[in-house]
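Asks: Build me a structure from this.
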Amino acid sequence: MKKGDDDPGLVALISQYGRYLLLSSSRAPGRLPANLQGIWNDRKWAPWEADYHLNINLQMNYWPAPLASLDETLAPLIGWSRQLAKRGETAAKRLYGSDGWVCYLSSNPFGRVTPGGSNVSSQFVNSVLDPLCGAWLAVQLFDATQFNHDRTQLKTIYPILAGASEFVLDALITCPDGKLRIVPSTSPENAYKDPASGKNMRITAGSTYHMSIVRALFAATTRASTTLGTGEEIRKRIAAATAKLPPIRIGPDGRILEWAEPYPETQPGHRHVSHLIGLHPFDLINPATPDLFAAARKTIDARLAAGGAGTGWSRAWTINFFARLRDGDTAATHCTELLRRSTLPNLFNSHPPFQIDGNFGTTSGVCEMLLQSHVRDQHDRFIIDLLPALPKSWSEGSVTGLRARGGVTVDLKWRNGKLESATLTPDQDGPLNIRLAGKIKTLKGKAGTPLRVGADF
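Replies: Numbering: from 1, shown residues only. Prediction:
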């Protein structure tokens, strides 16, 4: 591979390897979630202290959990997150005079919630300016519940969600145009050149990253609250605030805006692409929003043309982006690039140095190439997309045990680049919306009974 050959079998292997690594490093009871090196750190003083980075890295560690039938690995993350949220209530009260809970970029096994950084400047720009890291984590925990019908798990997660929303409701500022925004705001670890001073700046009002988290958090809290039949008052407050949120904006060059204005980029190929969080892992940008969908493609293309995806985890995120963009060939190209550029001989991901999140992100990306379920229909039911981003180079293959939102286990087999057969086994009775090659059929599902779909779909 590193000499230029290709090997789809190695992509399959590293995808399974990601499952193995998560199973090995995130077990209950009495275990912590997987950190930046999993359980394989070999240094007394680890890079970034082997901590929990919450501006993508911890979240990426668990992207494959619900997709690849690894629900049990979520227990340590949920337990740790409950502790984090509890400690974060004190931080929200003392630092903001706010309800709910807050945390920042980096945490540790004890659930540190104060702004961290290697120096005072880093403490401000990486932490103080980004108080929504915990809110992103809360949204991801909720999304994991959409793959099952575990009401007990949802009840456990709901206080984390509701607390994050309480904080955001207090943190939103009414701007001169009447819109609510997070102020001050930032976009993780990136900067722009201020036209007035010529200096590199990392502060703005209502970055696309932050406002995407707010939208996703409010939607998740509302759904969870409605499902559990609780929280009517917070739903009303969320609905009123949501009506005043600004939309995701497209700049004059056709790309998604990262900052409040189309400022010049200091690093056009930056590793973080946080203004596309609405494309992945959230569902704010999809084919049902065609203008944003096209703008997202221009955004990632421009970032890559400037040398983006230079780190292992960033390359893994890129695989997920192109899977969501339904471009399987380009997604497969980035699978190959990750193996060639950011994979060590033992298949560990290299940031550099060694960092485990890229392994997990790769597993997630491959799953997303074969099965997606984040888009809902007009009846608010999930649409199960079969082989939405299958590359030409994977002309023949099969997969078993993938999971779709709504609680459905999916097995797939394909030949000559087309579906040969699919078996869908739902956890509950109800209609199943299935999409293949742009065509949607609604079939009747029965709990525990395999439903087979053939090539004549």
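Asks: how about the helices in the stretch 151-300 of the chain?
Replies: 151-171, 208-228, 232-242, 290-305 (DSSP state H, counting those that start in this stretch).
Asks: Among these, which comes closest to residue 444?
Replies: Nearest to residue 444 among those is helix 208-228 (22.7 Å), distances taken as Cβ to Cβ. (Glycine included, C-beta is placed from N, CA and C.)
Asks: sorry, back to before: turn the helices of the stretch 151-300 of the chain into JSON lines, columns for mean pLDDT.
Replies: Rendered in JSON lines, the data for the helices of the stretch 151-300 of the chain read as follows (pLDDT from 0 to 100):
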{"stretch": "helix 151-171", "mean pLDDT": "98"}
{"stretch": "helix 208-228", "mean pLDDT": "98"}
{"stretch": "helix 232-242", "mean pLDDT": "98"}
{"stretch": "helix 290-305", "mean pLDDT": "98"}
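Asks: now for these, which one comes closest to residue 382?
Replies: Among the helices of the stretch 151-300 of the chain, the nearest to residue 382 by Cβ to Cβ is helix 208-228 (12.0 Å).
Asks: and that closest one, what does it pack onto?
Replies: Applying 3 or more Cβ pairs under 8 Å, 6 or more residues apart in numbering; DSSP states H and E, we find helix 208-228 packed against helix 133-145, helix 151-171, strand 180-182, helix 232-242.
Asks: List the buried residues of the second one.
Replies: Counting neighbours by 16 or more other Cβ atoms under 10 Å, one finds that the buried residues in helix 151-171 are 153-154, 156-158, 160-169, 171.
Asks: domain assignment for this structure?
Replies: Here the domain parsing of the chain from automatic domain parsing is 8-372, 385-454.
Asks: Need the winner for burial among those domains.
Replies: domain 8-372 (a mean of 20; mean count of other Cβ atoms under 10 Å).
Asks: Start and end of that one, how far apart?
Replies: 20 Å (Cα to Cα, to the nearest Å).
Asks: what does stretch 385-392 give?
Replies: OK, stretch 385-392 end separation, Cα to Cα: 18 Å.
Asks: any residues touching it, and which ones?
Replies: 322-329, 331-332, 368-373, 375, 410, 412, 414, 417, 419, 422, 434-436, 453 (Cβ atoms under 8 Å, 6 or more residues apart in numbering).
Asks: Cross these against helices and list the overlap.
Replies: Counting by DSSP state H, the part of these found in helices is 322, 323, 324, 328, 329, 331, 332, 368, 369, 370.
Asks: and residue 347, which of the helices of the stretch 151-300 of the chain is closest to it?
Replies: Nearest of the helices of the stretch 151-300 of the chain to residue 347, taken as Cβ to Cβ: helix 290-305 at 23.7 Å.
Asks: How far off centre is that closest one?
Replies: Centroid displacement of helix 290-305 relative to its chain, using Cα atoms, centre = their mean, to the nearest Å, is 17 Å.
Asks: for stretch 445-457, same thing?
Replies: Between the centre of stretch 445-457 and the centre of its chain there are 29 Å (Cα atoms, centre = their mean).
Asks: mind putting the helices and strands packed on helix 208-228 in JSON lines, distance to residue 457 included?
Replies: Listed next are these as JSON lines, based on distance: least, Cβ to Cβ, whole Å:
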{"stretch": "helix 133-145", "distance to residue 457": "27"}
{"stretch": "helix 151-171", "distance to residue 457": "32"}
{"stretch": "strand 180-182", "distance to residue 457": "44"}
{"stretch": "helix 232-242", "distance to residue 457": "37"}
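Asks: So which of the ones you listed is nearest residue 29?
Replies: Residue 29 lies closest, by Cβ to Cβ, to one member of the helices and strands packed on helix 208-228: helix 151-171, at 14.3 Å.
Asks: packing partners for the closest one?
Replies: helix 74-96, helix 133-145, helix 208-228, helix 232-242.
Asks: closest to residue 381 out of these?
Replies: When these are compared by Cβ to Cβ, helix 208-228 sits nearest residue 381, at 12.9 Å.
Asks: quick one, the closest one and helix 290-305 angle?
Replies: 130 degrees (axes from the mean of the first three to the mean of the last three Cα atoms, to 10 degrees).
Asks: Tell me how far helix 208-228 lies from the chain's centre.
Replies: How far helix 208-228 lies from its chain's middle: 14 Å, per Cα atoms, centre = their mean.
Asks: quick check: angle from it to helix 133-145?
Replies: 50 degrees.
Asks: let's number from 15 now, not from 1
Replies: Got it, the first residue is 15 from now on, which makes the last one we talked about helix 222-242.
Asks: Tell me what angle helix 222-242 forms with helix 246-256.
Replies: 150 degrees.
Asks: Keeping just the C-alphas, turn helix 222-242 into PDB.
Replies: The C-alpha trace of helix 222-242 is given here as PDB (Å, rounded to 0.1, in the frame of the first residue of the first chain):
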ATOM      1  CA  THR A 222     -21.000  27.700  12.400                       C
ATOM      2  CA  TYR A 223     -19.500  25.100  14.600                       C
ATOM      3  CA  HIS A 224     -21.200  26.400  17.700                       C
ATOM      4  CA  MET A 225     -24.500  27.200  16.100                       C
ATOM      5  CA  SER A 226     -24.600  23.700  14.600                       C
ATOM      6  CA  ILE A 227     -24.100  22.200  18.000                       C
ATOM      7  CA  VAL A 228     -26.900  24.400  19.400                       C
ATOM      8  CA  ARG A 229     -29.300  23.300  16.700                       C
ATOM      9  CA  ALA A 230     -28.500  19.600  17.100                       C
ATOM     10  CA  LEU A 231     -28.600  19.800  20.900                       C
ATOM     11  CA  PHE A 232     -32.000  21.500  21.000                       C
ATOM     12  CA  ALA A 233     -33.400  18.900  18.500                       C
ATOM     13  CA  ALA A 234     -32.000  16.000  20.500                       C
ATOM     14  CA  THR A 235     -33.300  17.400  23.800                       C
ATOM     15  CA  THR A 236     -36.700  18.000  22.400                       C
ATOM     16  CA  ARG A 237     -36.900  14.400  20.900                       C
ATOM     17  CA  ALA A 238     -35.700  12.800  24.100                       C
ATOM     18  CA  SER A 239     -38.100  14.900  26.300                       C
ATOM     19  CA  THR A 240     -41.000  14.100  24.000                       C
ATOM     20  CA  THR A 241     -40.200  10.300  24.000                       C
ATOM     21  CA  LEU A 242     -40.000  10.200  27.800                       C
END
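Asks: ok, so what distance separates the residue nearest the centre of the chain from residue 426?
Replies: Residue closest to the average C-alpha location in the chain (Cα atoms, centre = their mean): residue 295, at 2.9 Å. For residue 295, the distance to residue 426 equals 22 Å [Cβ to Cβ, to the nearest Å].
Asks: And residue 443, by the same measure?
Replies: 23 Å.
Asks: got it, and residue 412?
Replies: 6 Å.
Asks: now residue 205
Replies: The separation that residue 205 has from residue 426, given Cβ to Cβ, amounts to 43 Å.
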